[in-house]
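Novice: got a predicted structure plus its sequence, pasted below:
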Amino acid sequence: RWRMRLRSGVFASSCLLMEALGVALFLRGFFPVPVRSLSRRGVRGDPPAEPAPSGPGMVSNWTKIPPPLFKKVVIVLIDALRGDFVFGSKGKQFMPYTAQVVEKGTSYSFIAEAKPPTVTMPRIKALMTGSIPGFIDVIMNLNSPALLDDNLIWQAKTSGKRIIFYGDDTWVKLFPKYFVEYDGTTSFFVSDFTEVDNNVTRHLDRVLKREDWDLLILHYLGLDHIGHMTGPNSPLVGPKLSEMDSILKKIHISLLSKEEASLPNLLVVCGDHGMSETGSHGGSSEGEVRTPLLFISSAFEKRSGPLTQPEVVQQTDLASTLAVGLGLPIPRNSVGNLIWPVVGGKTMREQLRFVHLNGFQLSRLLQENTPVYEKDPGYEHFKIAEKSHGNWIKLYLEGNNSEILLNLGKKVLKQYLEALKTLSSSLSKQVAQYDVYSMLMGAVIIMEVLLLLLLSIPKALSSQAEFEVPLSPPLFSLLFYLICLVLCAVHVTVCTSAESLCYFCSLSWLTAVGVMMLISALMCGILSTIAKIFENSRLPLKNPVVSGSSWSEIDLLILAGTLVHVLSLGASSFIEEEHQTWYFLINTLCLVLCQELCRNNFLLKEWDPQHSTNVKQNFDRIGEVSECKNIDILAASNSKLGKATFSGEFLKGSDKWISLASPWIILICCRLLRSLNQTGVQWAHRPDFGHWLTSSEHKSELSFLAAVSLLKVFFLVQRRCSLVSKIAMALGLLGVYSYRAAIGNVVFPWQRDSQDISKGITEARFVYVFVLGIVFTGTKDILKSQVISADSSVKSTGLWEVYSGLVLLAALLFRPHNLPVLVFCLLIQTIMTKYIWRPLNCDATQITIMHYWFGQAFFYFQ
């Protein structure tokens, strides 16, 4: 047999490369491919003419884009504006002018449904291009490079329209050099609720008086910042909505006063996304995806009577609607259809022209992205409507003005609207479809490499750390060629019968066959390795050694819990409620630790006295060393018997009972923390202690709780710091409270609720100075212990000071009602170190995984 010896590093590198190939193939299938037009953005194609009537010599002369419906358009985008902020009780209370216009004014109101991910940059893309951005745009949201797809802003700029923008600088990055005037504001300083909006509003009076613009876009960020900091039920939400209402009133009155008889103006009010019950966004909860969409213009009929439930439209519908309203081509990649009431107030010929343009654009996009587009119901309906439209054009050009023409026009319009709805739905579903075949091929490679690595672990841990890779069985066996043949047959079948585009099928045959040969070789290599393991297991051992190692209940729980959590990520319901998995695991861990402590304190009475004495002397010596070095966690012993004996001898008197009670104390702490914040998806809306604390009526209670929590943090962290770091820690925590008081979350006893509210920039910088000072002091001590002297106590103090500096930073970043989470985190860590990990002599692996489990649980406790 041909064999090749590989060092462990070479073998691991080869596996890593194959793993990367599998992951890349899986991700390419997992992230939906966006629906894109094959035409480049810069090529302005001629718009389609009206459908040609049947019969000789009958030709329509309308081949251009219809003229605009509105002279000036103002888009007011209020970041994180939820539907109930306008149409609910808060809208009537805090936005009276907007509510009056919605109920009795000349307006149309809708609920625009946004697709996840509900973050700003993908939502702006959806609003301006009409396409559905993917989850990869969440990463791009941090950088926001220029948008190259066909979009409404580019179409308006190319048509000579003058665009002015004020607000979130994401627009400036997405659409560079498109605005004749702009002023961008940063969106990442979330503590700023006022200046970020004042920097937009300060331009309004001057701009509204001018006539040198056609499109004005305003993006307000203050409401989103309030949501991130204090949530949708914050007392700050009401005043911010009132501020937005006064701005909308000013814009609306100005547009009405400057209207001409020929063309009216249009005011559009919308949100890019909503806000969850905790104030965040990015997911798919109802509060995050449902945003208000208002069209206000004198061109619309005046409403009468109370507003019924607004109709639900898609956020992507805005691009095509505004394109028609401004007399622009519909963006090529748009999957939205026209919001009909906004553009439906024209003559029948104009109405049919609008829906034909929208249908032609959607059908062309479907043709360029679907191999069997002729079978699509939406395409079939569009062709039928287009034929009926041609018959209507024939009657119209013949001068027929009877009721037959009107009824036929209504019938054609209904056919078009049904076709648009079906086409838009088909394209939207295609964006959400996974490329299952590519995902499956990538997953097979990943699992094969993982299995090969697991089978190779014994060799990797041996002294030689070399692998014998069998070449002849994988490459020249009948099984190898059989697997290759089966995979090729599957590939041909899948690629010839697939109705949607598949990335793996689009690869060249040479590449695809190479991937299949890799899968076959890996499978044969795995089978060969397993056969060799069984063959070696039958050989007699030359030096049999009785293994004294055994797995404890803690080890089994850690392994089983980790596997259960990994498997739970395969179900979306478990992902949405992942906190329940972690709560269950840490509760179970506490019970197992309690059992282990009881066993070691009460059941270890019959050990060999001589061995017990020796082990006790060893651990006494280790205890003295660790006391000198100021180290919390003792070095682990390799002997299970030593562990047990040490555990029974180490704790005396009250410490023994505290150790036995510590798992129950931790369980009580975790149960209290679960009541602080509701999380997940199903129960996030339910009231909790955090909502009670953050309400304006309980600011004094929140202030007391925050002050006590910061005091506890100081006592739990400062005990091993130097005197200078202790003073810096105390001043830093005082700065944390001052920062929260400055922005109005808490109050000092001498401070009134309504005064001295600021942005807290000075106080926050004050805390950051002390964080950097403490971390710098700790780093200096660590370097000193490494370079100048080998004193381990100096190194331990340095590590602890770096740790305390990070705790101070966490105290600054935590919301004030979550400061008890930080206190309980430090308290549980102290209890486990002194009364659980040390008596049980847990090893580094166990302590690391327990830290990870509790860290995940404390993430959800926030």
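Specialist: It's in. Note that the structure is a prediction, hence the values are computed from the model and not measured.

Novice: contacts, neighbours, all on C-alpha from now
Specialist: Noted.

Novice: separation between the residue nearest to Gly222 when sequence neighbours are not counted and Lys104?
Specialist: Closest residue to Gly222 apart from its sequence neighbours, by CA to CA, 6 or more residues apart in numbering: Phe193 at 4.6 Å. From Phe193 across to Lys104, the span is 31 Å (CA to CA, to the nearest Å).

Novice: domain ranges for the protein, per the record?
Specialist: 3-32+435-534+553-570, 72-337, 580-603+653-861 (the TED database).

Novice: the second one - what's its average pLDDT?
Specialist: Average pLDDT, domain 72-337: 90.

Novice: same question, the shortest one
Specialist: For domain 3-32+435-534+553-570, the per-residue pLDDT values average out at 82.

Novice: and that domain, how far from the chain's centre?
Specialist: 30 Å (CA atoms, centre = their mean, to the nearest Å).

Novice: more crowded one of Phe193 and Lys104?
Specialist: Phe193 (22 against 16; other CA atoms under 10 Å).

Novice: tell me where the stretch 151-300 of the chain has helices.
Specialist: 152-158, 170-174, 195-201, 204-209, 222-230, 237-257, 286-289 (DSSP state H, counting those that start in this stretch).

Novice: and those as JSON lines, adding mean neighbour count and distance to Leu17?
Specialist: Compiled in JSON lines, the helices of the stretch 151-300 of the chain are given as follows (neighbours: other CA atoms under 10 Å; distance: least, CA to CA, whole Å):
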{"stretch": "helix 152-158", "mean neighbour count": "20", "distance to Leu17": "42"}
{"stretch": "helix 170-174", "mean neighbour count": "21", "distance to Leu17": "35"}
{"stretch": "helix 195-201", "mean neighbour count": "18", "distance to Leu17": "47"}
{"stretch": "helix 204-209", "mean neighbour count": "12", "distance to Leu17": "56"}
{"stretch": "helix 222-230", "mean neighbour count": "23", "distance to Leu17": "40"}
{"stretch": "helix 237-257", "mean neighbour count": "16", "distance to Leu17": "51"}
{"stretch": "helix 286-289", "mean neighbour count": "24", "distance to Leu17": "39"}
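
Novice: just to revisit the earlier point, out of the domains of the chain, which is closest to Leu405?
Specialist: domain 72-337 (24.3 Å; CA to CA).

Novice: show me what the helix or strand in which Leu672 is found is in contact with.
Specialist: If you go by DSSP states H and E, Leu672 is part of helix 654-674. The contact list for helix 654-674, computed with CA atoms under 8 Å, 6 or more residues apart in numbering, reads 587, 590-591, 593-594, 597-598, 601, 821, 824, 828, 831-832, 835-836, 861.

Novice: may I have it as PDB, with CA atoms only?
Specialist: Only the C-alpha atoms of helix 654-674 are listed here, as PDB (Å, rounded to 0.1, in the frame of the first residue of the first chain):
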ATOM      1  CA  SER A 654     -18.200  27.400  58.800                       C
ATOM      2  CA  ASP A 655     -16.400  27.400  55.400                       C
ATOM      3  CA  LYS A 656     -17.700  23.800  54.900                       C
ATOM      4  CA  TRP A 657     -21.300  24.800  55.300                       C
ATOM      5  CA  ILE A 658     -20.900  28.000  53.200                       C
ATOM      6  CA  SER A 659     -19.500  25.700  50.500                       C
ATOM      7  CA  LEU A 660     -22.500  23.400  50.700                       C
ATOM      8  CA  ALA A 661     -24.900  26.300  50.500                       C
ATOM      9  CA  SER A 662     -23.100  28.200  47.700                       C
ATOM     10  CA  PRO A 663     -24.800  26.300  44.800                       C
ATOM     11  CA  TRP A 664     -28.200  27.200  46.300                       C
ATOM     12  CA  ILE A 665     -27.200  30.800  46.800                       C
ATOM     13  CA  ILE A 666     -26.200  31.000  43.100                       C
ATOM     14  CA  LEU A 667     -29.500  29.500  42.100                       C
ATOM     15  CA  ILE A 668     -31.400  32.100  44.100                       C
ATOM     16  CA  CYS A 669     -29.300  34.900  42.500                       C
ATOM     17  CA  CYS A 670     -30.000  33.600  39.000                       C
ATOM     18  CA  ARG A 671     -33.700  33.300  39.700                       C
ATOM     19  CA  LEU A 672     -33.800  37.000  40.900                       C
ATOM     20  CA  LEU A 673     -31.900  38.100  37.700                       C
ATOM     21  CA  ARG A 674     -34.400  36.300  35.500                       C
END
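
Novice: now it: buried residues?
Specialist: 656, 658-660, 662-667, 669-670, 673-674 (16 or more other CA atoms under 10 Å).

Novice: ok, and what's touching the following helix or strand past it?
Specialist: Toward the C-terminus, helix 654-674 is succeeded by helix 689-694 as the next helix or strand (DSSP H and E). Around helix 689-694, the neighbours that count as contacts under CA under 8 Å, 6+ apart are 230, 234, 675-677, 698-699, 701-702, 817-818.

Novice: if we go to 6 Å?
Specialist: 676-677, 702 (CA atoms under 6 Å, 6 or more residues apart in numbering).

Novice: over to stretch 268-288?
Specialist: Contacts for stretch 268-288 (CA under 6 Å, 6+ apart): 75-82, 116-119, 123, 227-228, 231-232, 289, 291-295, 685.

Novice: how does it look with 7 Å?
Specialist: 74-82, 114, 116-120, 123-124, 227-228, 230-232, 289-296, 684-685 (CA atoms under 7 Å, 6 or more residues apart in numbering).
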